[in-house]
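In: Quick one: sequence plus predicted model below, questions after.
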Amino acid sequence: VSLHGQLLWRDFNNLIAHSANAQAPGSWGQMQNNVYCRDIPWSSDPALLTAWKEGRTGYPWIDACMAQLRTEGWIHHLGRHAVACFLTRG
């Protein structure tokens, strides 16, 4: 990660925060009234969580990452990001 990339990300985040607050003051950092956040209907089905843990989601990339984690004990940071996003965002 370069300093240039970090500065670009910081500025992007500041622009998004400014835009969100311009449309709905005080909304940045909150889900409610934030135009950049989606309200996701969460599921508490234990079978879905088990399928994720065991790599049986039906999504080959996610399942492969979980299989690698299970067999090798690690996955690349891009794989970690993908499985984490899949779990938290669906």
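Out: The structure has been received and is ready for your questions.
In: what's the burial count for residue 17?
Out: Residues lying near residue 17 (other C-beta atoms under 10 Å) number 15. Just so you know, the C-beta spots here come from the backbone N, C-alpha and C atoms, and that holds for glycine as well.
In: give me every residue that touches the residue nearest to residue 83 when sequence neighbours are not counted.
Out: Spatial nearest neighbour of residue 83, chain neighbours left out: residue 65 (5.0 Å); criterion: C-beta to C-beta, 6 or more residues apart in numbering. By C-beta atoms under 8 Å, 6 or more residues apart in numbering, residue 65 lies in contact with 55, 75, 79, 80, 82, 83.
In: and what of residue 30?
Out: Residue 30 is in contact with residue 37, counting by C-beta under 8 Å, 6+ apart.
In: could we number from 59 for the rest of this?
Out: With 59 as the first residue, the last one maps to residue 88.
In: Using PDB, list the CA coordinates for stretch 135-148.
Out: The C-alpha atoms that make up stretch 135-148 are tabulated as PDB, following Å, rounded to 0.1, in the frame of the first residue of the first chain:
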ATOM      1  CA  HIS A 135      -6.100 -11.200   2.100                       C
ATOM      2  CA  LEU A 136      -8.300 -10.800  -1.000                       C
ATOM      3  CA  GLY A 137      -9.900 -14.200  -0.200                       C
ATOM      4  CA  ARG A 138     -10.400 -13.100   3.500                       C
ATOM      5  CA  HIS A 139     -12.000 -10.000   2.300                       C
ATOM      6  CA  ALA A 140     -14.300 -11.900  -0.100                       C
ATOM      7  CA  VAL A 141     -15.500 -14.400   2.500                       C
ATOM      8  CA  ALA A 142     -15.900 -11.700   5.200                       C
ATOM      9  CA  CYS A 143     -18.000  -9.600   2.800                       C
ATOM     10  CA  PHE A 144     -20.000 -12.600   1.800                       C
ATOM     11  CA  LEU A 145     -20.800 -13.400   5.400                       C
ATOM     12  CA  THR A 146     -21.700  -9.800   6.500                       C
ATOM     13  CA  ARG A 147     -23.300  -8.500   3.300                       C
ATOM     14  CA  GLY A 148     -24.600 -11.600   1.600                       C
END
